[in-house]
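**Q** Below is the sequence, then the predicted model.
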Amino acid sequence: MQEHEALDFTLDRNERPVTINGEAYVLVELDGKERDKYLNNVGGRVRTNKDGTPAGVRDFDGLEASLIAGSLRKIENGERVPVDVATIQGWPARVVSALFKAAKDLSALGDEKKDDRGND
């Protein structure tokens with residue numbers, strides 16, 4: 001019987017502060033339901049071959065912004081206000097790409113090809 005290291009968690013979500021044009025925002029780790037919603041959104045965009053294997057993405061519109069919108073909150077008067085997809089899509093691509101990468105990392109949404117969980 002193989003022994004495994006104990007797992008120890010807290011249920012506090014990870015966060016990462018963000019500043020855009022001098023204004024305060026925070027990226028918040030998705031919960032399980034939010035993560036599933038994002039993955040369903042991505043899965044619905046996958047184009048498949050006749051044999052059912054993935055063959056690419058059929059629609060990129062709003063793909064990155066949808067994850068960011070699920071994670072990003074603007075700090076206004078001490079409150080966390082969600083940022084909508086349309087607002088995010090109006091930002092420069094370099095900002096959107098950096099926020100997307102940070103949101104993916106924060107919510108453990110790694111690339112499947114690089115994901116080696118369960119391969120030990």
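**A** Happy to help now that I have it.

**Q** Quote the end-to-end distance of stretch 73-82.
**A** End-to-end span of stretch 73-82 (Cα to Cα, to the nearest Å): 5 Å.

**Q** any idea of the mean pLDDT for it?
**A** Stretch 73-82 shows a mean pLDDT of 96.

**Q** check which helix or strand covers the nearest residue to residue 107 once chain neighbours are set aside.
**A** Nearest residue to residue 107 in three dimensions, chain neighbours excluded: residue 30, at 4.3 Å (Cβ to Cβ, 6 or more residues apart in numbering). In this view, the C-beta of every residue, glycine as well, is placed from N, C-alpha and C. Following DSSP states H and E, there is no helix or strand that holds residue 30.

**Q** Can you get me a residue count around residue 30?
**A** Applying other Cβ atoms under 10 Å, we find 22 residues neighbouring residue 30.

**Q** Where do the strands of this protein begin and end?
**A** 15-20, 23-28, 46-48, 54-57, 72-76, 79-82 (DSSP state E).

**Q** Among these, which comes closest to residue 88?
**A** Residue 88 lies closest, by Cβ to Cβ, to one member of the strands of the chain: strand 72-76, at 7.3 Å.

**Q** residues in contact with that closest one?
**A** With contact meaning Cβ atoms under 8 Å, 6 or more residues apart in numbering, strand 72-76 is reached by 18, 23-28, 80-83, 88, 99, 103.

**Q** same thing but at 10 Å, please
**A** Counting by Cβ atoms under 10 Å, 6 or more residues apart in numbering, strand 72-76 makes contact with 15-18, 20, 23-28, 65, 79-84, 87-88, 99, 102-103, all of which sit outside it.

**Q** wait, residue 86 sits on residue 69?
**A** Yes: counting by Cβ atoms under 10 Å, residue 86 does reach residue 69; the two are 9.2 Å apart.

**Q** more crowded one of these two?
**A** A direct count of neighbours by other Cβ under 10 Å for residue 86 and residue 69 places residue 69 higher, at 21 against 10.
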